[in-house]
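*Asks:* got a structure for you, letters missing:
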C-alpha cells in the first residue's frame, strides 16, 4: 500500500505547497491553500485510524501463523508523517507572516519612546495574521481538535523564542519603552483567546 503526500485538489498539491513556500521569507498561504492543508491533515488522520483498525481486524480473521506477518506500520508511519508535515506547514506559514513585524519591532528606537500607546503597527500586523489564519485553521480542523491544539502549541513554541530574540535586539530600551513592550505582550496573548 503506497501513499503519496501529494493529494490533488484543484491543481494544488502538498508537495507543490512545500516546494513553492520553502525558503520564502514571507510565505503566506491563501485561504484555499490553508483549507487544502487542513483537509489533507484530516484525511490523513482518518486514514491512520482506519489503517490501525484494518490491521487489528485482519489479525483477528487470519490464522495465528499468519498473524505476525500482518504489519501496516509503514502505512501508518506515512499517514503520521503527512499529519506532521501539514501541521508544520501551517506553523511555518503563520510564523513567516509575522517575521516582518518582528523585524520592524527590533529596529524601533526604543530608548526614545516617550509615551505608552495602545498599539504599534507591528503588533497590529502580528495580531492581524493570527486573527486571519487561526480561525480558518480552527474551523477546518473542527473534527480533529487535537491537531488544532498541536498547531497552537507548535506555533507558540516557534514564535515565543523568535519574539524574545527580537526583543533582545531592541537594546537600549527606556522605562517607557519597557512599558510599551509589556503592553505588546498582553495584546499578543489576548489575540489567541
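*Replies:* Yes, it's here. This one's a predicted model, so the numbers in the text were calculated from it and none came from an experiment.

*Asks:* and the next element down the chain from the lowest-mean-pLDDT helix or strand in the chain?
*Replies:* Least confident helix or strand of the chain, by mean pLDDT, DSSP states H and E, is helix 14-21 with a mean of 48. Counting by DSSP states H and E, the next helix or strand C-terminal to helix 14-21 is helix 31-61.

*Asks:* now residue 54, nearest residue through space, not along the chain?
*Replies:* The shortest distance from residue 54 to any non-neighbouring residue, by C-beta to C-beta, 6 or more residues apart in numbering, is to residue 72 (6.7 Å). The way it works is simple: take the backbone N, C-alpha and C, and place the C-beta from them, glycine included.

*Asks:* what about that neighbour, how many residues close to it?
*Replies:* For residue 72, the neighbour count with other C-beta atoms under 10 Å is 16.

*Asks:* Need phi/psi at it.
*Replies:* Backbone torsions of residue 72, given as degrees, to the nearest 10, read phi -110, psi 30.

*Asks:* who's in contact with residue 94?
*Replies:* Counting by C-beta atoms under 8 Å, 6 or more residues apart in numbering, residue 94 touches 129-130, 133-134, 155.

*Asks:* shouldn't residue 34 be in contact with residue 132?
*Replies:* No. With contacts counted by C-beta atoms under 8 Å, residue 34 stays clear of residue 132, the gap being 9.4 Å.

*Asks:* quick one, which of those two is more surrounded?
*Replies:* residue 34 (20 against 14).

*Asks:* separation between the residue positioned nearest the centre of the chain and residue 127?
*Replies:* The centroid of the chain falls nearest to residue 91 when counting by C-alpha atoms, centre = their mean (2.1 Å). According to C-beta to C-beta, to the nearest Å, residue 91 and residue 127 sit 17 Å apart.

*Asks:* In this protein, mark out all the helices, start to finish.
*Replies:* 14-21, 31-61, 64-67, 73-107, 121-140, 145-168, 175-191 (DSSP state H).

*Asks:* So which of those has the densest surroundings on average?
*Replies:* helix 73-107 (a mean of 19; mean count of other C-beta atoms under 10 Å).

*Asks:* Run through the protein and note the low-pLDDT ranges.
*Replies:* Applying pLDDT under 70 to the chain flags residues 1-27, 110-119, 173-174, 177-193.

*Asks:* how does it look with 90?
*Replies:* 1-28, 61-69, 98, 100-131, 143-144, 156, 160-161, 163-193 (pLDDT under 90).

*Asks:* and residue 141, what are its phi and psi?
*Replies:* Dihedral angles (degrees, to the nearest 10) for residue 141: phi -110, psi 20.

*Asks:* thought it was touching residue 43?
*Replies:* No. Counting by C-beta under 8 Å, residue 141 stays clear of residue 43, with 11.8 Å between them.

*Asks:* and residue 142, how many residues sit next to it?
*Replies:* Residue 142 has 10 neighbours, counted by other C-beta under 10 Å.

*Asks:* contacting residues for the nearest residue to it once chain neighbours are set aside?
*Replies:* Nearest residue to residue 142 in three dimensions, chain neighbours excluded: residue 148, at 8.0 Å (C-beta to C-beta, 6+ apart). Residues counted as contacts of residue 148 (C-beta under 8 Å, 6+ apart) are 137-138, 141-142.
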